[in-house]
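In: Sharing a model that was predicted from the sequence below.
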Amino acid sequence: MKRYLCTLLFLPLIVIAERHDSLEKASQHELKGEYERAAESYKLAIEEITAQYSEFSIHLFEPLLGHGRTLSALDKTGKATERLQHALHILRRNEGVYTLRQLEVVDELTKMAMHADQPLKADTQQTFSHFISKRFYGDSNPEVLAAAYKLVNWQISTGQLTKALDLASKTIKTMQEHGFESDPRLIEAHLLVAKIRRLKGICCTEKRLTAVIEILNQNTDLPMDITNEVYLSLADAYVVSKKAAQAREYYAKVNIADAAPSPIAMSAVLNPVRYHYTKMYRPENGPYGTRLERMTPEEQLSAGQQPPQQFFLPLGDHKYDVRIVDSAEAVKGRERTKALIGEPFQFYYDQVKDLVPRLFKDDGTPNEIKITLDFTVKNDGRIENIEISETNAPVKLNRLMEQVMSKVIYRPALAGGVPITKKNVSVTQTFINYHET
């Protein structure tokens, strides 16, 4: 009898050990990129847990999430989405509607949406992620700042600069109103506002960074990487404003001995005269038929049937080949997303396609064009002596890239903290068309 009771007591431990073993195997297979084997192990763990507990057990969350990830890696999007939604349902059922653990699932759904060329769905997921954090922490809790910064950076990387600026500015205002104006976690918000204003072409960004200096003065024990970022941002702002003396002052404060030149602005209007004086229209369907509606400035810059009007240089960790329409207004009758092409400089796909149609000739294989440009970056950030050293591109694309380099603003090279002129700097621009499917 005692032996029987002992056996009964140890059975649950054996089942738990087997479940952990299945999860461990699945995790190891996933780390090695063995997605088929990982998916099988995750599925086995799900079946074991469901049999022991129920289909709504919280123990199912980790294997469901892992199964969703591996199925996504195997391009089984439908089944992956089903698994991830099941994981979300279980989490909310057991931990509440606003549990933060669901954010990991939301991020996975975002990746899947971008992989499936559904940027609007991905944008909705990222906005929802921020909403969950606000409901969990509250608008005025500094703990919500990380979620706000995540959404701001997402909006920057997908071209939604107006929305990003609005969110970053509101975040600063809310924190200041609740007495957190000197919280060092607010530094990133100020730097993001400065970056967005610079990318939008708004002048005098340096004036907006005085609050960051106040935060540094009141938090003298901050890590060096934070103070370096603040001083670099201020110096960059002065470079853009063509105030070389002030830029040198702040570059000298940066604890970096030597650094190569790097771009600090990512977009510009290539033909401002044409942009200001040409009116463009689009058809708009209404209750009484179709009429011509004048394009907004943003629409006009991205409209096809004209040479490229803007270029973009991603300055973050992620490079997305799409820009989401940067407007809170209704977009009926208009495209809500715009495809991009090019690396590292990005252009609107339709405009490059119209400029160089042979690049998009469908002969069954990818077409690749490379243009290498050499130039000098002056100690005040200006670019001189732009030359094309190697190219297989047509004249129109070569001319376009020369225009682009003449518009880019660079952070100058640093030697011992002092801005110097750097010759023989080079960039290789690539255009690859994989054909529309």
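Out: The structure has been received and is ready for your questions. Numbering: from 1, shown residues only.

In: what about Glu368, helix or strand, and which?
Out: Per DSSP states H and E: Glu368 is located in strand 367-377.

In: packing partners for that strand?
Out: Packed against strand 367-377 by the contact rule (3 or more C-beta pairs under 8 Å, 6 or more residues apart in numbering; DSSP states H and E) you find strand 383-391, helix 395-407, strand 422-433. Where you see a C-beta, it was placed from the backbone N, CA and C, and this is true even at glycine.

In: want to throw those into CSV with mean pLDDT?
Out: Shown next, in CSV, are the helices and strands packed on strand 367-377 (pLDDT from 0 to 100):
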stretch, mean pLDDT
strand 383-391, 96
helix 395-407, 93
strand 422-433, 94
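
In: These into JSON lines, with extra columns for mean neighbour count and distance to Leu145?
Out: JSON lines is the format used below for the helices and strands packed on strand 367-377 (neighbours: other C-beta atoms under 10 Å; distance: least, C-beta to C-beta, whole Å):
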{"stretch": "strand 383-391", "mean neighbour count": "14", "distance to Leu145": "36"}
{"stretch": "helix 395-407", "mean neighbour count": "17", "distance to Leu145": "34"}
{"stretch": "strand 422-433", "mean neighbour count": "16", "distance to Leu145": "35"}
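
In: and of these, who's closest to Glu48?
Out: strand 422-433 (45.8 Å; C-beta to C-beta).

In: contacts for that closest one?
Out: 260-261, 341-345, 352, 356, 359-360, 366-377, 385, 389, 393, 397, 401, 405, 412-413 (C-beta atoms under 8 Å, 6 or more residues apart in numbering).

In: Drop anything exposed from those.
Out: Those of the contacts of strand 422-433 that meet the buried threshold are 261, 341-342, 345, 352, 356, 359-360, 367, 369, 371, 373-377, 393, 397, 401, 405, 412-413, by 16 or more other C-beta atoms under 10 Å.

In: so Ala26 makes contact with Pro63?
Out: Yes: using C-beta atoms under 8 Å, Ala26 makes contact with Pro63 at a distance of 7.0 Å.

In: what's the overlap in contacts for these two?
Out: Tyr42, Ala45.

In: still on that earlier bit, which stretch among the helices and strands packed on strand 367-377 comes nearest Glu47?
Out: Nearest of the helices and strands packed on strand 367-377 (C-beta to C-beta): strand 422-433, 43.5 Å.

In: Any idea how far the closest one is from the middle of the chain?
Out: A distance of 22 Å separates the centroid of the chain from that of strand 422-433, by C-alpha atoms, centre = their mean, to the nearest Å.

In: tilt between it and helix 395-407?
Out: 140 degrees (axes from the mean of the first three to the mean of the last three C-alpha atoms, to 10 degrees).

In: which residues touch the residue nearest to Arg37 when sequence neighbours are not counted?
Out: In this structure, Arg37 finds its nearest non-sequential neighbour in His29, 4.3 Å apart by C-beta to C-beta, 6 or more residues apart in numbering. Contact analysis of His29 by C-beta under 8 Å, 6+ apart lists Tyr35, Arg37, Ala38, Ser41.

In: Off-centre distance for stretch 155-165?
Out: For stretch 155-165, the distance to the chain centre is 9 Å (C-alpha atoms, centre = their mean).

In: Please identify the buried residues of it?
Out: Gln155, Ile156, Ser157, Thr158, Gly159, Gln160, Leu161, Lys163, Ala164, Leu165.

In: Can I get that stretch in PDB, CA atoms only?
Out: Extracted in PDB, the C-alpha atoms of stretch 155-165 (Å, rounded to 0.1, in the frame of the first residue of the first chain):
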ATOM      1  CA  GLN A 155       6.900  55.500 -35.900                       C
ATOM      2  CA  ILE A 156      10.200  57.100 -36.900                       C
ATOM      3  CA  SER A 157      11.400  53.900 -38.600                       C
ATOM      4  CA  THR A 158       8.100  53.700 -40.600                       C
ATOM      5  CA  GLY A 159       8.100  57.300 -41.600                       C
ATOM      6  CA  GLN A 160       5.400  58.600 -39.200                       C
ATOM      7  CA  LEU A 161       7.400  61.600 -38.100                       C
ATOM      8  CA  THR A 162       4.400  63.800 -37.200                       C
ATOM      9  CA  LYS A 163       2.900  61.100 -35.000                       C
ATOM     10  CA  ALA A 164       6.300  60.400 -33.400                       C
ATOM     11  CA  LEU A 165       6.900  64.000 -32.600                       C
END
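
In: what's that stretch in contact with?
Out: Applying C-beta under 8 Å, 6+ apart, the contact partners of stretch 155-165 are 119, 123, 152-153, 167, 192-193, 195-197, 199-200, 312, 314, 316, 318-320, 322-324, 326-328, 338.
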